[in-house]
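Trainee: sharing a model that was predicted from the sequence below.
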Amino acid sequence: MKWMVFILILPVAMAGILPQTCLGAPVDNAECQNILSDTSITQTEKEDLYLNLLNSQTNLPNHEFVRNWNNQIAFSGPPNGVVSNSNGTLKNAWLKIVGVNKSVFDTNEQEWFFQPHGQIQVARHFDIQIPTGTQPGDCQTHYSHSITQDVLTVKANGMPIGNSPITNFDLDLTNQSDLNFEAYWSLTGRLSTDHYQPRQHCFNDGHNMYCWNTCDFINTTYDYYSQNSHDELSGAVLWPSLAVLINYNERAQKLRLIDGPVEPVNEIKITQGSKSFSQSQYRYDINQTLAPYGTLFITRTPENKVKSNFIVFDHDQNSVSLATSSPDNCQLHILTDFEETTQDCSPVILTNTRIELAADKNQFDRNETIHLQARLLDDQNQPLANQTIHLATKNTSQTVSTNGQGNTLAEFQVEQTDGVINAYFEGLEPFASTTTTTRITTGNSQNWITLYQLVAIFGTYYMLYLGVKRKVGAL
């Protein structure tokens with residue numbers, strides 16, 4: 001008995017990254033030709049260059065490009081690393097989750113991160129092999145095949161979400177929740193075999209016996225073959241909880257942004273006219289897998305990058321202060337791994353504050369204690385209670401809190417200071433930061449006594465000298 005192979009082919013026409021010819025390719029023909037003809041670079045390098053022609057690089061990963069590319073791939077044989085299985089007439093059956101739109105693979109954490117809504121793409125394929133030839137005892141054998149079960153089930157965290165190779169999903173999951181996609185494929189084929197066997201038929205007309213042979217249909221037998229395939233893709237939900245605060249200090253002409261996301265984001269950017277400040281915390285690349293088909297996916301790699309043509313007062317990982325004469329026409333752009341949002345900055349205009357700082361006297365001896373009184377007021381001269389003031393001098397610092405009247409007290413030893421004492425209020429919305437300084441004179445009383453004595457002695461001797469001089473002159 002022989003077998004005849006039929007192949008299930010998906011409609012569309014693309015496999016691999018590089019085209020066979022640049023004719024009709026959706027890129028600049030000359031640049032495409034240069035890539036294909038360059039013998040000094042590897043196949044992988046050629047593919048990366050061609051992808052760069054196809055996909056313009058931006059700060060936001062191009063998930064739509066990846067999705068459209070993968071959706072156009074015509075799969076047949078199993079990709080590298082994917083195991084196929086056979087059973088009876090069902091040959092080379094395989095199943096693979098191609099990708100999730102939108103998703104990124106973190107190269108540092110070696111983990112997939114998914115948006116909680118989007119699409120999952122599953123690829124599958126099998127061949128049908130039907131026997132040929134005549135079975136023993138038959139004069140003819142006819143074969144036919146049909147698929148009696150072809151069920152694809154896509155699940156997320158164990159719950160069915162669809163039955164299509166491209167399945168939409170919208171999951172109610174919080175940031176960093178575990179998310180496990182699974183695909184199950186149940187396939188059953190039925191082989192129908194019609195058996196024809198030789199039969200002799202005779203007829204007697206009363207005089208003669210007439211006989212002839214025929215190949216008659218006897219019966220149909222059925223054979224069922226089943227094949228079950230499974231694949232899964234696990235990761236975590238990425239749904240950053242952003243808490244971006246923006247305020248403006250009119251007196252200092254300082255715009256301050258404070259961001260407190262649960263985890264780093266792609267990029268935070270402030271624009272105002274021709275000026276901009278941006279801080280990016282990741283680099284994104286498009287990679288390929290499942291050779292020889294070249295399915296694409298997006299990777300992210302931690303990489304801090306800051307760009308600005310603002311004057312920057314201060315900057316750290318979670319805040320930045322920018323110099324600007326006005327908060328008008330300011331926009332905030334937040335780029336996550338999956339999307340970009342733009343909104344007006346709408347900063348909180350901070351209330352100006354001031355510190356009254358005074359010592360108990362202006363001149364101190366080295367062995368004395370300086371008694372300081374500080375008072376924190378707003379721009380209406382109203383006291384600010386329960387606020388923190390930082391005091392600092394040459395060799396020491398203190399942190400004190402204001403009482404209900406906005407007052408606070410502190411002490412420094414004279415020997416700890418160089419005569420300059422600074423007071424700083426960091427500011428807490430809706431109040432602006434402020435700073436002030438007081439100065440004192442320091443000295444040593446013993447040194448002053450010795451100086452006075454020297455002056456007195458010198459004066460006495462000088463008077464005696466003048467007296468003697470007069471008498472000598474009179475003689």
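Mentor: Thanks, I have it. Residues are numbered from 1 along each chain as shown.
Trainee: find the helix or strand that Tyr225 is a member of.
Mentor: Assigned by DSSP states H and E, Tyr225 belongs to strand 209-237.
Trainee: report all helices and strands that that strand contacts.
Mentor: Packing contacts for strand 209-237, counted by 3 or more CB pairs under 8 Å, 6 or more residues apart in numbering; DSSP states H and E, involve strand 85-87, strand 90-106, strand 111-132, strand 140-156, strand 178-204. The C-beta positions use only the backbone N, C-alpha and C, and glycine is treated the same way.
Trainee: among those, which comes closest to Leu18?
Mentor: Across the helices and strands packed on strand 209-237, Leu18 has its closest neighbour in strand 90-106 (19.3 Å, CB to CB).
Trainee: CA atoms of the closest one as CSV?
Mentor: Extracted C-alpha coordinates of strand 90-106, given in CSV (Å, rounded to 0.1, in the frame of the first residue of the first chain):
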residue,chain,number,x,y,z
LEU,A,90,-2.0,13.1,10.2
LYS,A,91,1.7,14.0,9.6
ASN,A,92,4.0,16.7,10.9
ALA,A,93,1.5,18.4,13.1
TRP,A,94,2.9,21.3,15.1
LEU,A,95,1.6,24.3,17.1
LYS,A,96,3.4,27.5,18.2
ILE,A,97,2.4,30.8,19.9
VAL,A,98,4.1,33.2,17.5
GLY,A,99,3.7,36.4,19.5
VAL,A,100,1.6,38.7,21.6
ASN,A,101,0.7,42.2,20.5
LYS,A,102,1.8,44.1,22.5
SER,A,103,4.7,42.6,24.3
VAL,A,104,8.4,43.1,25.0
PHE,A,105,11.1,40.8,26.1
ASP,A,106,13.4,42.2,28.8
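Trainee: give me the angle between that strand and strand 178-204.
Mentor: Counting by axes from the mean of the first three to the mean of the last three CA atoms, to 10 degrees, strand 90-106 lies at 170 degrees to strand 178-204.
Trainee: partner strands of strand 90-106, with direction?
Mentor: The strands beside strand 90-106 in its sheet (DSSP bridges) come out as strand 85-87 (antiparallel), strand 111-132 (antiparallel), strand 295-308 (parallel).
Trainee: among those strands, which is nearest Ala392?
Mentor: Of those, nearest to Ala392 by CB to CB is strand 295-308, at 28.7 Å.
Trainee: how about residues contacting the helix or strand just after that closest one?
Mentor: Proceeding N to C from strand 295-308, the next assigned helix or strand is strand 312-315, under DSSP H and E. Contact partners of strand 312-315, identified using CB atoms under 8 Å, 6 or more residues apart in numbering, comprise 254, 277, 306, 320-323.
Trainee: just the ones in strands from those residues, please.
Mentor: Among the contacts of strand 312-315, the ones falling in strands (DSSP state E) are 254, 277, 306, 320-323.
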